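# based on what follows, work out the 3D shape:
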Amino acid sequence: MNNFYHTILINLHRIIYYVVKARIWLRHPEKHTEEERYALANEMVYKMNKSAGYNTIAYGIENLPKEGGYILYPNHQGKYDVLGISSTHEKPLSFIMDEKRAHLVLVNEFLRLLNGKTIYLDDPRSTIKVFQQVAEEVKSGRKYILFPEGGYKEDNRNIVEPFKAGSFKLAQMSGCPIVPVALIDSYKVYNSPHRGPVTTYVYYMEPIPYEEFKDLKTKEIAAMVEERIKNKISEHLTDKSSQPSE
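Sure, this is the predicted structure:
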């Protein structure tokens, strides 16, 4: 039994509790602030992580812009990615995900608690409409996660797939900073044969201000962000391999 099914099994009672509680809250979302809904979602993540021995260490939190909205562009490794980011990101944020994956129990509740958006990966026209909505929200100060790889492969092994240039259209439309995010070992939690406790890493890298990429083509922005994330992952793995074993 891999970690995903093990976590579901030992947390079945918690899953039922939080699904029911989230659905009750979501009947009247106006009764709960964005901060309260974000806290509920992260409470669920914390308790499930603690029960299964998952831990996420974040670096570069000081790099996150203190004011205004921004878009986090991380590499994509699996189901745990958003959870790892949200559990280390103090201010409420949201995310954009594939419509086809958005209706699973618990995933749907988490998405709705965070006011997330869904897109059809094979429908560029509807994606642009969602981007327009999100861009306005980011301009007003909200924070979003968008995975430029589009999807992920099982047992990722920290390999970064080519970034899709179109995902950076959102950054251009919002006129707000891009925050590259490097995720490491996130795939081990739910998307690999690995069993047992896992420590994952989130690196919030220096923001790229709009002025720095406004005149670039989306392909150029994608290449720049991809390279920074790859370099950070390589740096982390090199440092880790050079440490003496216990």
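# who are the packing partners of the particular helix or strand that has Phe131 in it?
Element membership for Phe131, per DSSP states H and E: helix 124-139. Counting by 3 or more C-beta pairs under 8 Å, 6 or more residues apart in numbering; DSSP states H and E, the packing neighbours recorded for helix 124-139 are strand 94-98, strand 117-119, strand 143-145, helix 169-174. From N, CA and C alone the C-beta is placed, and that goes for glycine too.
# got the contact list for Arg142?
Gly69, Pro92, Leu93, Ser94 (C-beta atoms under 8 Å, 6 or more residues apart in numbering).
# the nearest residue to the second one once chain neighbours are set aside - how many residues pack around it?
Closest residue to Pro92 apart from its sequence neighbours, by C-beta to C-beta, 6 or more residues apart in numbering: Tyr38 at 4.0 Å. Per other C-beta atoms under 10 Å, the neighbour tally for Tyr38 reads 21.
# then Ala102?
Neighbours around Ala102, by other C-beta under 10 Å: 16.
# mind listing what it touches?
Counted by C-beta under 8 Å, 6+ apart, Ala102 has contacts Asn108, Leu111, Gly116, Thr118.
# looking at these, which is nearest Lys143?
Nearest to Lys143 among those, counting by C-beta to C-beta, is Gly116 at 11.9 Å.
# could you check how far that closest one is from Asp122?
19 Å (C-beta to C-beta, to the nearest Å).
# and which of the contacts of Ala102 is nearest Glu43?
Nearest member of these to Glu43, counting by C-beta to C-beta, is Leu111, at 16.2 Å.
# contacting residues for that closest one?
For Leu111, the contacting residues are Phe95, Met97, Ala102, Thr118, by C-beta under 8 Å, 6+ apart.
# same thing with Gly78?
Tyr152, Glu154, Asn156, Ser186, Tyr187, Val189, Tyr190, Asn191, Ser192.
# for the residue most central in space within the chain, which non-adjacent residue is spatially closest?
When C-alpha atoms, centre = their mean is applied to the chain, the residue found nearest the centroid is Val82 (3.1 Å). Distances taken as C-beta to C-beta, 6+ apart place Phe95 nearest to Val82, at 5.2 Å, with adjacent residues excluded.
# quickly list what that neighbour is bridged to.
Judged by DSSP bridges, the bridge partners of Phe95 are Ile145.
# what's the separation between it and Asp81?
9 Å.
# the two: which is more packed in?
Asp81 (26 against 23).
# per-residue confidence at that one?
Looking at Asp81, its pLDDT stands at 98.
# show me what contacts the residue nearest to it when sequence neighbours are not counted?
With C-beta to C-beta, 6+ apart as the criterion, Asp81 has its nearest non-adjacent residue at 5.2 Å, and that residue is Ser186. The contact partners of Ser186, taken as C-beta under 8 Å, 6+ apart, are Gln77, Gly78, Tyr80, Asp81, Gly84, Asn156, Thr200.
# give me the number of residues near the fifth one?
This means Gly84. Neighbour tally, Gly84, other C-beta under 10 Å: 28.
# so the spatially closest residue to it that is not a sequence neighbour: helix, strand or coil?
With C-beta to C-beta, 6+ apart as the criterion, Gly84 has its nearest non-adjacent residue at 4.5 Å, and that residue is Thr56. Assigned by DSSP: H, G, I helix; E, B strand; the rest coil, the conformation of Thr56 is strand.
# thinking again about what came up before, what's the angle from the helix holding Phe131 to strand 94-98?
Here the directions of helix 124-139 and strand 94-98 differ by 170 degrees (axes from the mean of the first three to the mean of the last three C-alpha atoms, to 10 degrees).
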